[in-house]
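# Build me a model:
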Amino acid sequence: MGESMDYKKAYSIPTACLSISDERVFEVIQTSRESFGCFCTSFEARRPGQDNFIVVFLENVGDFSVPVGILVESIRGDRILGRRVSNRLEPLDDGAASCERRDIIDWRYVDAYDMEGGALYREMFSLQPERVQTTIRDVLPFLISRESEDPGELRDVFRSIAHHDASAVRDLISRGIEPANVSSKMPVRCFGRARRVVEVEISIPEYAAMYGDAETIDILHQNGSLDEMPGRSPPLIDASFQGNTQVVQRFLELGYSPDAVGMFRETALFQAAKWGHYLVVDCLIRGGADVNFRNVREQIPLFHAASADVAGGLIEAGADVNASSDTGETPLAIHWRNCRWDVVKLLIERGATDHTAGGEIASPGLAGIRELVAARLNRSKAEQMLEELDGANSIDFGLVLPVRAFRND
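Prediction:
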């Protein structure tokens, strides 16, 4: 982001935006600076479940100061080094960057999907219109204060699980408390397009399958806390949904069936394929998962492959590229309709046909499909520019700070 860029024009900075010298802004920045030592301590001793250590500084652009983030990789005295990230909802890696400790106006990191720090972030968020708040919360909800009350000691148990520390679970059992009966409303990561972190009522065994480690799983297994219960998915499915490869591997070693079924008669392989967890897909296949297992709609996991890597792994393991669902659709038809052109291209290369009973593909012939796929995979610069221009009028800021800029006055 250089001095020659017309930032006000490109990002529609409102003339009424806050001044960096406003008293409320200045006070919160002081709070962040005074507590920065906590950030440094946590960064040096970071544990599983703690990530996205970000510091924020300001860059002068004409009459405005634009917030810029650094995803911290190292701290050397008063100098912070890492990767520069832009203040967008979907951040771009803008290369190596560094700043001095005196330049920092805010800091934060994510701990088990709660934000630690971020005093200025929370203040700026509170000043935004409801439409902006809703958009940011939908995409980055873990940045915002949790809606439910902090459950105190119980919260620490869940946090320790995410930190791969089994001591809290071991302590519960020693006190005669059954972990399977302990639940709380906790942040859980989802993999849809919006609300990537939601708060749900979840039990300790379910949370351990999603975010824990092999040691915690061993303790719960020995205690019988992982036994299947009515209304609960098999724990292997929970681990596969979250992409917890270590726990998936441990479940298979403990003898859990790779083809145990959950909702819609889907196995763990469906969940891993659906959310693009290639390492989990590979682990399940090596553990004996059936790549041609049928769900209630007679679909196999290949119908849900989120990427060409996942689809390729399934095909290499024997998945039927021309499998037919209960409506007569094939994997090619489904991925064509969902515009997953990389998967479509792979399926064609591996022998998939363009025939579908439902007529979802307008029979352009394989040559026509190849041409269209090639065009979609190599979009012109003009199309990219049009997309960027179209996005300029939407809410596309909020990762670094929920404000585009401050006035310099």
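# What is the neighbour count of residue 24?
Per other C-beta atoms under 10 Å, the neighbour tally for residue 24 reads 10. Every residue, glycine included, has its C-beta placed from N, CA and C.
# Identify the residue spatially nearest to it, adjacent ones excluded.
Spatial nearest neighbour of residue 24, chain neighbours left out: residue 123 (6.9 Å); criterion: C-beta to C-beta, 6 or more residues apart in numbering.
# Three-state assignment for the one you found, please.
helix (DSSP: H, G, I helix; E, B strand; the rest coil).
# do the same with residue 47
From three-state DSSP, the assignment for residue 47 is coil.
# List the residues that contact it.
For residue 47, the contact set (C-beta atoms under 8 Å, 6 or more residues apart in numbering) comprises 163-165.
# For the residues you listed, pick the one with the most neighbours.
Counting neighbours by other C-beta under 10 Å, residue 163 comes out on top of the contacts of residue 47 with 21 neighbours.
# Okay, now the unreliable bits of the stretch 51-200 of the chain?
91-93, 141-152, 191-196 (pLDDT under 70).
# Show me where it has its strands.
Applying DSSP state E, counting those that start in this stretch to the stretch 51-200 of the chain gives strands spanning 64-76, 79-85, 93-100, 106-111, 114-117, 183-189, 197-203.
# same check, this time on the stretch 301-409 of the chain
406-407.
# Look at the nearest residue to residue 277 once chain neighbours are set aside and report its pLDDT.
Leaving aside its chain neighbours, residue 277 sits nearest to residue 243 (3.7 Å; criterion: C-beta to C-beta, 6+ apart). Looking at residue 243, its pLDDT stands at 95.
# ok, residue 243 touching residue 272?
Yes - using C-beta atoms under 8 Å, residue 243 is in contact with residue 272, at 7.2 Å.
# where in the stretch 201-350 of the chain is pLDDT low?
229-231.
# how about the helices in it?
In the stretch 201-350 of the chain, the segments counted as helices under DSSP state H, counting those that start in this stretch are 204-211, 214-223, 235-242, 245-253, 268-274, 278-286, 308-316, 331-337, 341-349.
# by how many degrees do the fourth one and helix 278-286 diverge?
Following axes from the mean of the first three to the mean of the last three C-alpha atoms, to 10 degrees, one obtains 10 degrees for the angle between helix 245-253 and helix 278-286.
# and the angle for helix 245-253 with helix 214-223?
30 degrees.
# List the neighbours of helix 245-253 that are in contact with it.
Contact with helix 245-253 is made by 208-209, 212-214, 217-218, 235-236, 239-240, 258, 268, 272, 277, 279-280, 283-284, 287-288, as judged by C-beta under 8 Å, 6+ apart.
# re earlier: nearest to residue 19, out of the strands of the stretch 51-200 of the chain?
strand 64-76 (9.3 Å; C-beta to C-beta).
# Mind giving me the packing neighbours of the closest one?
Helices and strands touching strand 64-76, by 3 or more C-beta pairs under 8 Å, 6 or more residues apart in numbering; DSSP states H and E, are helix 7-11, helix 36-44, strand 50-61, strand 79-85, strand 93-100, strand 406-407.
# What residues of it count as buried?
Of all the residues in strand 64-76, those buried under the rule 16 or more other C-beta atoms under 10 Å are 64-72, 75.
# So residue 294 versus residue 275, what's the distance?
Separation of residue 294 from residue 275 (C-beta to C-beta, to the nearest Å): 20 Å.
# who has more neighbours, those two?
Ranked by neighbour count (other C-beta under 10 Å), residue 294 and residue 275 place residue 275 first, with 20 against 16.
# thinking that one is in contact with residue 241, fair?
Yes - the pair residue 275 / residue 241 is scored as a contact, 6.5 Å apart, by C-beta under 8 Å.
# Next, count neighbours for the nearest residue to residue 289 once chain neighbours are set aside.
In this structure, residue 289 finds its nearest non-sequential neighbour in residue 258, 3.9 Å apart by C-beta to C-beta, 6+ apart. Residues near residue 258, counting by other C-beta under 10 Å, number 21.
# what do you get for residue 88?
Neighbours of residue 88 (other C-beta under 10 Å): 14.
# need the contact list for it.
396-399.
# Neighbour-wise, give me the winner out of those residues.
Most surrounded of these: other C-beta under 10 Å gives residue 398, at 25 neighbours.
# Write down the beta-bridge partners of the closest residue in space to residue 65 that isn't next to it in sequence, one by one.
Among residues not flanking residue 65 along the chain, residue 58 sits closest, at 4.0 Å (C-beta to C-beta, 6+ apart). Assessed by DSSP bridges, residue 58 has beta-bridge partners residue 67.
# Does residue 58 touch residue 67 like I think?
Yes - applying C-beta under 8 Å, one finds residue 58 in contact with residue 67, separated by 6.1 Å.
# Identify the contacts common to the two.
Common neighbours of residue 58 and residue 67 (C-beta under 8 Å, 6+ apart) are 105, 406.
# distance of residue 227 from residue 186?
Residue 227 is 21 Å from residue 186, where distance means C-beta to C-beta.
# Between the two, tell me which one has more neighbours.
Legend: neighbour count by other C-beta under 10 Å for residue 227 and residue 186, higher for residue 186 (28 against 12).
# Tell me who's in contact with the residue nearest to residue 69 when sequence neighbours are not counted.
Spatial nearest neighbour of residue 69, excluding adjacent residues (C-beta to C-beta, 6+ apart): residue 400 at 3.8 Å. Residues counted as contacts of residue 400 (C-beta under 8 Å, 6+ apart) are 54, 56, 67-69, 85-87.
# Need those in a markdown table (columns: distance to residue 329).
Formatted as a markdown table, the contacts of residue 400 follow (distance: C-beta to C-beta, whole Å):
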| residue | distance to residue 329 |
| --- | --- |
| 54 | 43 |
| 56 | 48 |
| 67 | 47 |
| 68 | 47 |
| 69 | 43 |
| 85 | 40 |
| 86 | 40 |
| 87 | 42 |
